[in-house]
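**Student:** sequence and predicted structure below; questions after.
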Amino acid sequence: MGGHSHWAGIKHKKALQDAKRGKVFTRIIREITIAAKLSGGDPEKNPRLRKAIEDGKNANMPGDNVKKAIMRGTGQLPGVVYEELMYEGYGPSGIAVMVEITTDNRNRTFSEMRKIFETHGGNIGNTGCVAWIFEQKGYISVKKDIAKEDELMSLALESGAEDFKTTDPNDFEIITDPNDFERVKNKLAEKKITVSSAETTMLPKNEVNVPEDKAQSVITMMNELEDHEDVKNVYSNFNISDSILAKLE
């Protein structure tokens with residue numbers, strides 16, 4: 001397993017634990033607030049807000065929480081002011097790591113991020129040090145047991161997808177330009193095709209194969225970054241083989 005699908009799979013297992021701790025709500029509320037602040041409180045005119053509200057519904061977030069988050073973003077209610085940051089650096093085995101942050105205290109967050117990197121033998125670098133390794137793309141996955149490969153591939157590519165992959169053992173993966181992401185996703189919805197995940201993300205252009213003696217350090221570091229309350233997303237280019245993953249589990 002490698003790249004985005006690998007880490008997405010690991011994060012899916014963590015999602016249930018995060019939900020129990022209320023972390024999912026915290027992240028979605030921050031995203032709704034920022035989206036509303038940047039582009040207004042009308043989801044019909046604000047795709048980012050529309051996506052955040054959709055995530056809230058999928059997480060069974062009460063509508064009142066969503067409404068208040070929007071009102072804080074638009075200034076109708078007082079609230080904490082968040083800013084968005086991106087930290088870049090290197091982890092075990094020289095893997096590239098990008099960490100997307102929403103924080104109300106950048107000095108505190110930077111200090112805590114730096115500690116996580118350094119604890120695992122990595123380091124935070126300057127802006128741009130690893131960004132060139134990644135491309136922003138739309139990413140959609142569909143379970144292989146709910147769609148026929150040929151039909152799904154034709155639909156995806158005709159709708160504007162850039163690539164269609166079958167290498168994941170469980171999911172078909174659809175890659176799009178960020179500008180075409182909503183259109184492709186909506187076409188799948190029109191055909192009643194349920195997606196496992198759909199997001200705009202950062203996909204690596206190349207991957208680093210992680211040896212067995214460094215694999216646990218990579219997973220532990222990534223988990224610690226994901227667990228931090230100010231972290232919205234973590235992107236990396238590590239690749240850990242299935243055989244090594246099986247040993248870790």
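**Tutor:** Happy to help now that I have it.

**Student:** please count neighbours and contacts with C-alpha atoms only from this point.
**Tutor:** OK.

**Student:** roughly how far does Pro169 sit from Leu245?
**Tutor:** Using C-alpha to C-alpha, to the nearest Å, one gets 14 Å for the distance from Pro169 to Leu245.

**Student:** quick check: the residue lying farthest from the centre of the chain vs Ile53, distance?
**Tutor:** Computed with C-alpha atoms, centre = their mean, the residue of the chain farthest from its C-alpha average is Gln76, at 29.0 Å. Distance, Gln76 to Ile53, by C-alpha to C-alpha: 18 Å.

**Student:** now swap in Ala36 and tell me
**Tutor:** With C-alpha to C-alpha as the criterion, Ala36 and Ile53 are 11 Å apart.

**Student:** same question, Pro78
**Tutor:** From Pro78 to Ile53 the distance is 20 Å (C-alpha to C-alpha).

**Student:** circling back to that earlier point, which one's more surrounded, Pro169 and Leu245?
**Tutor:** Each of Pro169 and Leu245 has its neighbours counted (other C-alpha atoms under 10 Å); Leu245 has more, 14 against 9.

**Student:** and that one, that one's in a strand?
**Tutor:** No. Counting by DSSP: H, G, I helix; E, B strand; the rest coil, Leu245 falls outside a strand, being helix.

**Student:** ok, now how distant is it from Glu212?
**Tutor:** 9 Å.

**Student:** and Ala161, by the same measure?
**Tutor:** 35 Å.

**Student:** those two - which one has more neighbours?
**Tutor:** Neighbours per residue, other C-alpha under 10 Å: of Ala161 and Glu212, the larger number sits with Ala161, 24 against 15.

**Student:** related to what we said a few turns ago, between Ala36 and Ile53, tell me which one has more neighbours.
**Tutor:** More crowded of Ala36 and Ile53, by other C-alpha under 10 Å: Ala36, with 25 against 22.

**Student:** which residues in this structure form strands?
**Tutor:** Here the chain has its strands, by DSSP state E, at 83-90, 96-103, 123-124, 134-143, 163-165, 171-176, 197-204, 208-209, 231-236, 238-239.

**Student:** as TSV, those strands with mean neighbour count, mean pLDDT and distance to Lys57 would be great.
**Tutor:** Below are the strands of the chain laid out as TSV (neighbours: other C-alpha atoms under 10 Å; pLDDT from 0 to 100; distance: least, C-alpha to C-alpha, whole Å):
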stretch	mean neighbour count	mean pLDDT	distance to Lys57
strand 83-90	18	95	23
strand 96-103	22	94	21
strand 123-124	20	96	35
strand 134-143	20	93	18
strand 163-165	15	93	28
strand 171-176	24	93	23
strand 197-204	18	88	14
strand 208-209	16	92	36
strand 231-236	21	91	18
strand 238-239	24	90	32
